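> fold the stuff below for me.
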Amino acid sequence: MKFFTKKRVVLFLLFIFPLICFLLLSLGENNFTKLPIVTPNIIEVSEIDATKTAKLKDNVTIVCFLGNDVNTNRSGLFNLNEKIYKKFIEYKQFQILAIYPNGKEVEIERLKEEIGAFTDMQKWVFMASSREEIETFYTSFSCDVPLVNLSNPYAFLIDKKVNLRGRLDDEDSKDGKLFGYNMNSVSVLNGKLKDDLKVLYYEYYAAFKDRNKNKADRKEVGL
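Below you'll find the model as predicted:
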């Protein structure tokens, strides 16, 4: 076909194709879907932390419950470390909070040494608390998966305003509501938690851009 000459193809690749990409990206930035809040206003973890060093507010936090038998979730924690932690360690205000019952400090120290053998542990937070406080904290998630011996295999995503984030249309979850991400499934961590973390961070990035734009607009009109 004479229409598709070499010159026209080159012009398309140089000028028209980049413009189309820009328009698509612009539309995506303005109309992206925010990550749903599945449970608003969960308990701030500092309320059950005797040391008052752990905090959810102003952080993007992955929370997991280690329980009475730390080894129950050992492989899941290593999956979480490899597939999520190492990918997001450079992100601002990111942390993984692992909660365990009082009296398990020896086992936790051993676990920390194993994970830390090839990992910078600066954004891993291990927190001890009582059975009653752990159960109260977990109840605030309104999750349909119970704790068994103060643990379960799920990682939970908490935003900077202490809301539980997840999905409302997840095809693999009951009623479509995804409260947590199975740490024992690499495909779930790669295909769901990683993607949802990126959506949440883009949400904050877009909000930051909008705030700066509004400030610039007010300055331009003298407000």
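> next, the buried residues of stretch 102-116.
For stretch 102-116, a neighbour-count test (16 or more other CB atoms under 10 Å) marks K104, E107, I108, L111, I115 as buried. Glycine gets a C-beta too; all of them are placed from N, C-alpha and C.
> which residues touch the residue nearest to the first one when sequence neighbours are not counted?
It stands for K104. The spatially closest residue to K104, leaving aside those adjacent along the chain, is V70, at 6.0 Å (CB to CB, 6 or more residues apart in numbering). Each residue near V70 by CB atoms under 8 Å, 6 or more residues apart in numbering is listed here: Y100, K104, E107, I108, L111.
> picking up where we left off before, in helices, which of the buried residues of stretch 102-116 appear?
E107, I108, L111, I115 (DSSP state H).
> want to throw the buried residues of stretch 102-116 into JSON lines with distance to F156 and pLDDT?
Below are those laid out as JSON lines (distance: CB to CB, whole Å; pLDDT from 0 to 100):
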{"residue": "K104", "distance to F156": "20", "pLDDT": "95"}
{"residue": "E107", "distance to F156": "22", "pLDDT": "96"}
{"residue": "I108", "distance to F156": "19", "pLDDT": "96"}
{"residue": "L111", "distance to F156": "19", "pLDDT": "95"}
{"residue": "I115", "distance to F156": "19", "pLDDT": "95"}
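> rewinding a little: now, which of the ones in helices among the buried residues of stretch 102-116 sits nearest K52?
Closest approach to K52 among these (CB to CB): I108, at 18.6 Å.
> show me the shaky parts of the protein.
Residue ranges of the chain with pLDDT under 70: 1-32, 210-223.
> what ranges does it have for its strands?
37-39, 60-66, 94-101, 124-129, 151-158, 164-165, 181-182 (DSSP state E).
> for the closest residue to L193 other than its chain neighbours, the count of nearby residues, please.
Take L193 and drop its neighbours on the chain: the residue closest to it by CB to CB, 6+ apart is Y181, 4.1 Å away. The tally of other residues near Y181 (other CB atoms under 10 Å) stands at 26.
> return the residues in contact with the residue most central in space within the chain.
Residue closest to the average C-alpha location in the chain (CA atoms, centre = their mean): L197, at 4.0 Å. Contact partners of L197, counting by CB under 8 Å, 6+ apart, are V60, I84, F88, L157.
> pull out the buried residues from those.
Buried among the contacts of L197 (16+ other CB under 10 Å): V60, I84, F88, L157.
> how about these in JSON lines, adding distance to S187?
Converted to JSON lines, these look like this (distance: CB to CB, whole Å):
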{"residue": "V60", "distance to S187": "22"}
{"residue": "I84", "distance to S187": "13"}
{"residue": "F88", "distance to S187": "18"}
{"residue": "L157", "distance to S187": "17"}
